[in-house]
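**Q** Sequence first, then the predicted structure, then my questions.
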Amino acid sequence: MAFTQQQLDAVEKAIARGEKIVRYADRNVEYRDIDELLRARDEIRSSLIAAAGPRSRIVRLYHGGKGL
């Protein structure tokens with residue numbers, strides 16, 4: 001199933017509020033418990049990451065000195 005960022009946002013808001021009901025546009029989904037909601041969030045995240053395709057490599061540079 002294809003998920004959207006808005007669906008992920010709705011699930012994360014429900015988790016933050018401690019709710020078990022998530023509202024997506026015109027429908028409501030009630031989860032049995034918070035654990036089920038967390039699993040749904042993880043599945044949606046994984047799906048969105050997979051749909052985004054391969055990412056380019058990110059290089060992070062750190063500097064520990066005072067600079068010049």
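**A** It's in.

**Q** mind checking which helix or strand residue 41 is in?
**A** Element membership for residue 41, per DSSP states H and E: helix 34-52.

**Q** Can you list the helices and strands that that helix packs against?
**A** helix 5-17 (3 or more CB pairs under 8 Å, 6 or more residues apart in numbering; DSSP states H and E). All C-beta spots, glycine's among them, are computed from the backbone N, C-alpha and C.

**Q** which element follows the helix it packs on toward the C-terminus?
**A** strand 21-24.

**Q** Show me what the helix or strand just after that following strand is packed up against.
**A** Sequence order places strand 27-30 as the next helix or strand after strand 21-24, per DSSP H and E. Secondary-structure packing of strand 27-30 (3+ CB pairs under 8 Å, 6+ apart): strand 21-24.

**Q** and the strand it packs on, which strands flank it?
**A** If you go by DSSP bridges, strand 21-24 pairs up with strand 27-30 (antiparallel).

**Q** list the contacts for residue 45?
**A** residue 8 (CB atoms under 8 Å, 6 or more residues apart in numbering).
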